[in-house]
Each structure stands twice: as structure tokens, then as C-alpha cells.
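Student: predicted model and sequence below, questions to follow.
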Amino acid sequence: MSGHSKWATTKHRKGAKDSARAKVFAKLIRQVEVAAREGGGDQATNASLRTMFQKARESSVPIDTIERAIKRGTGELEGVRYESISYEGYAPGGVAVIVETLSDNRNRTSAEIKHVFSRNGGSIAEPGAVAWQFDRKGIIEVKGPVDEDQLLEWVMEAGGENFTQQGDNYVVTTEPHDLAAVREALEKFGAKVLSAELTLVPQNVIEVDDESEAKKILRLMDAIDDHDDVQNVYANFDIPDEILSAFEG
């Protein structure tokens, strides 16, 4: 897993503990609402909704709040209609960046995202300029320690692709449409699943060993992530743990 994945995990866990909690809730609720609007309110037949429901619960979003979001998505309750918009660009050092947003005002969001890039040393690219460098995958984080041979057997039997160690835990990759089924299978086998989500995984990463350059990249990533309309931000950098920890600390 790239340094960006570790950065994203750190951001997610910080968000559940500090003043960013409300912003994390708002983003998750918006994702639940859109999943329900696009695929219906039944988790049994809407895998995207099931995944978003679980993700929201893992971040301690109250069930009644999630259920209201589902009803807004299905039209049972009145709500704002959000549009999914993606942006591609570059961070300092030529790092490829993809930003996924949900917006109720395309013009406003586009102008603001472009401003965030330019203000922090990045640049917006044309659609398709960097997307080809990423593959969409399901990512399941499994709590360690666990016997790796046993985990491999579970992953293969569950229909997953592979796994890698990340710190004390393990990250299992799946095809996007297999995410929910693999998660359920791993839990039945006895694995402790910490999170499961769809993500973009870079095909190749840019090694960033210079601390000054790394801080410029992370500053842009944080600025993008802090925008209210941004749901996900992906990049293809790999920063050493010691630099990443110092910046997040």
C-alpha cells in the first residue's frame, strides 16, 4: 500500500476523534443518500448502499441519521439532489491526484477545487489525464495479528485477490463488485474487519523522500480533503513513515 493509503487511514481515524467529526459524518451521510438514490433503499439488493451503511456505522454515525439519509435518497423525505463530479490534477512533484465530489452546485465546486489546487502548488488536468494510472478496487482492512497462511486461505476462499501487511493490520484487495461478499465471508471465517470500502489504487507510485516536497504534497491533500464537497481524494505518492508521522503528528 502506498504512503497515501496510510495518510488516508490516519485522516479517517483523526476525523472520528476531533473537531472534524461533524464533517466526516456529513460526508458519509451524503454518500449514503446518493447510494440510496442510485440503487434503491434495500441493502439486500443495493451493494453500494450496504457498503456505505457499514462505513457510516464504523464511524459511529447514528442509525436514525443513516435511515433518514436513505429516505432522502429514495424520495420518502425531501432533500438536496447531489451530483457526482470527479476532478483530475497534479500535486507538486508530478504526483497524480483524483478528487471525487458530491455537489449541489457544479460551478461553485469546480471553481473552489481549482482554487485549492492552484493555491497549494498543484494544477487541474483534463479529464482522463491521470485516471488511467489507477484501478478501482475493494479494500478491506483486517485487524492483526493473524496467521498469514490462514488469512491467505480465507482470502482465496472468500473470492478476494490478495493481501498486504500495513502496520499491525492487513489490507485485502477485491474486485469492486466482490467487496461486500468478501467482507461477509471473512467475518464468518473469524477475521476482525476494521473497515471496507471502494477505492482507487495507483498502478505505480512516486517515491517522495524529500521532506520539503512531501510536506507540499500533504498540504495540498489535506486542503482538498477538507473541502465540504470532497468525498474521496486519491494520489500515487509513497512517503516514508517517519515523514508521514511527523507531518500528521
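Tutor: Nice, thanks for sending it over.
Student: all contacts plus neighbour counts: C-alpha atoms, from now on.
Tutor: Fine.
Student: show me the protein divided up by domain.
Tutor: 3-74, 83-132+205-239, 135-202 (automatic domain parsing).
Student: make CSV out of those domains and add mean neighbour count and distance to residue 246.
Tutor: Formatted as CSV, the domains of the chain follow (neighbours: other C-alpha atoms under 10 Å; distance: least, C-alpha to C-alpha, whole Å):
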stretch, mean neighbour count, distance to residue 246
domain 3-74, 18, 12
domain 83-132+205-239, 18, 10
domain 135-202, 18, 16
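Student: with respect to residue 245, which of these lies nearest?
Tutor: Nearest of these to residue 245, taken as C-alpha to C-alpha: domain 3-74 at 8.9 Å.
Student: residues contacting residue 68?
Tutor: residue 77 (C-alpha atoms under 8 Å, 6 or more residues apart in numbering).
Student: reduced to three states, what does it come out as?
Tutor: Taking DSSP: H, G, I helix; E, B strand; the rest coil as the rule, one finds residue 68 in the helix state.
Student: where in the protein is pLDDT low?
Tutor: 1-19, 247-249 (pLDDT under 70).
Student: cutoff 90 now
Tutor: 1-24, 47-48, 51, 54-55, 58-59, 79-81, 166-167, 180, 195-198, 239-249 (pLDDT under 90).
Student: ranges for the helices of this structure?
Tutor: Using DSSP state H, the helices of the chain run over residues 3-15, 21-39, 47-58, 63-74, 106-119, 148-158, 179-189, 211-225, 241-248.
Student: what's the angle between the third one and helix 63-74?
Tutor: Right, the one you point to is helix 47-58. Regarding helix 47-58 and helix 63-74, their directions subtend 150 degrees when assessed with axes from the mean of the first three to the mean of the last three C-alpha atoms, to 10 degrees.
Student: how about residue 28: what's its closest non-neighbour residue?
Tutor: Distances taken as C-alpha to C-alpha, 6 or more residues apart in numbering put residue 56 closest to residue 28, at 5.8 Å, once the chain neighbours are dropped.
Student: which residues touch that neighbour?
Tutor: 25, 28-29, 32, 66.
Student: okay, those residues in JSON lines with distance to residue 186 next?
Tutor: What follows is those, written out as JSON lines (distance: C-alpha to C-alpha, whole Å):
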{"residue": "25", "distance to residue 186": "27"}
{"residue": "28", "distance to residue 186": "24"}
{"residue": "29", "distance to residue 186": "26"}
{"residue": "32", "distance to residue 186": "23"}
{"residue": "66", "distance to residue 186": "25"}
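Student: list just the nearest of those residues to residue 172.
Tutor: Checking the contacts of residue 56 one by one against residue 172 (C-alpha to C-alpha), the nearest turns out to be residue 28, at 22.1 Å.
Student: contacting residues for the closest one?
Tutor: Applying C-alpha under 8 Å, 6+ apart, the residues near residue 28 are 52, 55-56, 231.
Student: repeat for residue 211
Tutor: So residue 211 contacts residue 243 (C-alpha under 8 Å, 6+ apart).
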